[in-house]
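[1] Quick one, structure for this:
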Amino acid sequence: MTLERRDLPQARRVVVKVGSSSISGDNAQKIGPIVDALAAAYGRGVEVVLVSSGAIATGMPYLQLDERPSDLATQQAAAAVGQNVLIYRYQAALRAFRIVAGQVLLTAGDLENPTHRSNARRAMERLLGLRILPIVNENDTVATHEIRFGDNDRLAALVAQLVGADALVLLSDIECLYTRPPDEPGATPITRVAYGDDLHGFEFGSVVVNSVGTGGAATKVSAARLAAASGIGVLVTSADLVDDALAGAEIGTWFQPNPEPTAAPATGPVRTAVDKLVG
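    Below you'll find the model as predicted:
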């Protein structure tokens, strides 16, 4: 049976991705509601994996930085400080539910190397089998410009493939995707993308780099198409609606999974119908 949005509460395994802007700075208090929603799904027996950006953004205030650093070394330093604080905040919120978090830091090389990929999958499976909630992020302290994922939307899609997830939920700052940037005239919501739909007529914009992170609608579309091709249903919606999302509410933009998935490579170029927009 092909997974639909309404089936999310009964999914066996779900990967949830949250971006830097949703959990850092003034939005750090949103970690609590996000954890509440994850804990509710966990309580239903769903195996949950969280892919969380935010290490660099969380570390910036401790380095007296007002905006995201442009040089790699300072990004790595901010990530080293911020990752520690970020995991502490998640674990503090999870404690009330008696859920233990497990930190998993990955690089692109980990998923390109068959041995490393196998080790990563085995570790993730063991964590889930022990009812630990894995919290995944890119290992920014050792990543370089050449091997970085570029954004954690793509990392989340690759993790969903790695663990054989039923669904991927990409949380952003808006409720759903639009046919063009939502602040432009004529923008209309996209509620569903059937597998194989041609999206060339839509304007998702380029990658956005703001004061705390990287990403944007284009990266989410690219990541969603990558995961959907592997038979994973994908929901793109707002971090404020995570509880409704995991409860199967009719919100966000749903990418229908490939009903006849084939094994997909874990790395390499992403070939989608929106390559000209994404690239």
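[2] C-alpha from now on. contacts and neighbour counts both.
    OK.
[3] any weak-confidence spans in this protein?
    The model of the chain has pLDDT under 70 over residues 1, 143-151, 200-201, 203-215, 262-279.
[4] which one's the longest helix in it?
    The residue-count maximum for a helix in the chain (DSSP state H) belongs to helix 72-94.
[5] What lies in contact with that helix?
    Helix 72-94 has contacts (C-alpha atoms under 8 Å, 6 or more residues apart in numbering) with 31-32, 35, 39, 54-60, 62-63, 68-69, 100-101, 103, 135, 140-142, 144-145.
[6] Who are the packing partners of the next helix or strand after that helix?
    Moving toward the C-terminus from helix 72-94, the next helix or strand (DSSP states H and E) is strand 101-106. In terms of contacts (3 or more C-alpha pairs under 8 Å, 6 or more residues apart in numbering; DSSP states H and E), strand 101-106 is packed against helix 72-94, strand 133-138.
[7] Distance check, residue 91 against residue 69.
    Using C-alpha to C-alpha, to the nearest Å, we find residue 91 at a distance of 27 Å from residue 69.
[8] any chance you could map the helices in the protein?
    20-23, 31-43, 55-59, 72-94, 108-112, 114-129, 152-163, 217-229, 242-246, 275-278.
[9] could you redo the ones you listed as TSV and give each row mean neighbour count and distance to residue 3?
    What follows is the helices of the chain, written out as TSV (neighbours: other C-alpha atoms under 10 Å; distance: least, C-alpha to C-alpha, whole Å):
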stretch	mean neighbour count	distance to residue 3
helix 20-23	24	27
helix 31-43	19	17
helix 55-59	27	32
helix 72-94	19	28
helix 108-112	18	26
helix 114-129	15	21
helix 152-163	26	14
helix 217-229	25	11
helix 242-246	21	13
helix 275-278	16	25
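[10] Between the ones you listed, which one is closest to residue 179.
    helix 217-229 (10.4 Å; C-alpha to C-alpha).
[11] How far away from the center of its chain is the closest one?
    11 Å (C-alpha atoms, centre = their mean, to the nearest Å).
[12] Pull the CA coordinates from that helix and hand them back as CSV.
    Taking Å, rounded to 0.1, in the frame of the first residue of the first chain, the C-alpha atoms of helix 217-229 are listed here in CSV:
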residue,chain,number,x,y,z
ALA,A,217,12.0,25.9,-1.0
ALA,A,218,14.2,24.7,-3.9
THR,A,219,16.3,22.5,-1.6
LYS,A,220,13.2,21.0,0.0
VAL,A,221,11.7,20.1,-3.4
SER,A,222,15.0,18.5,-4.5
ALA,A,223,15.2,16.5,-1.3
ALA,A,224,11.5,15.5,-1.4
ARG,A,225,11.9,14.2,-5.0
LEU,A,226,15.0,12.2,-4.0
ALA,A,227,13.2,10.6,-1.1
ALA,A,228,9.9,10.0,-2.9
ALA,A,229,11.8,8.2,-5.7
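[13] Ends of stretch 235-243, what's the gap?
    One end of stretch 235-243 to the other measures 13 Å (C-alpha to C-alpha).
[14] roughly how far apart are residue 135 and residue 70?
    When C-alpha to C-alpha is the yardstick, residue 135 and residue 70 sit 25 Å from each other.
[15] Looking at those two, which one has more neighbours?
    Between residue 135 and residue 70, counted using other C-alpha atoms under 10 Å, residue 135 has the larger neighbour count: 21 against 8.
[16] Output the helices and strands packed on strand 101-106 as JSON lines; include the columns distance to residue 152.
    Formatted as JSON lines, the helices and strands packed on strand 101-106 follow (distance: least, C-alpha to C-alpha, whole Å):
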{"stretch": "helix 72-94", "distance to residue 152": "14"}
{"stretch": "strand 133-138", "distance to residue 152": "7"}
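[17] Nearest to residue 240, out of the ones you listed?
    Nearest to residue 240, of all the helices and strands packed on strand 101-106, is helix 72-94, at 16.4 Å by C-alpha to C-alpha.
[18] Noted, bye for now.
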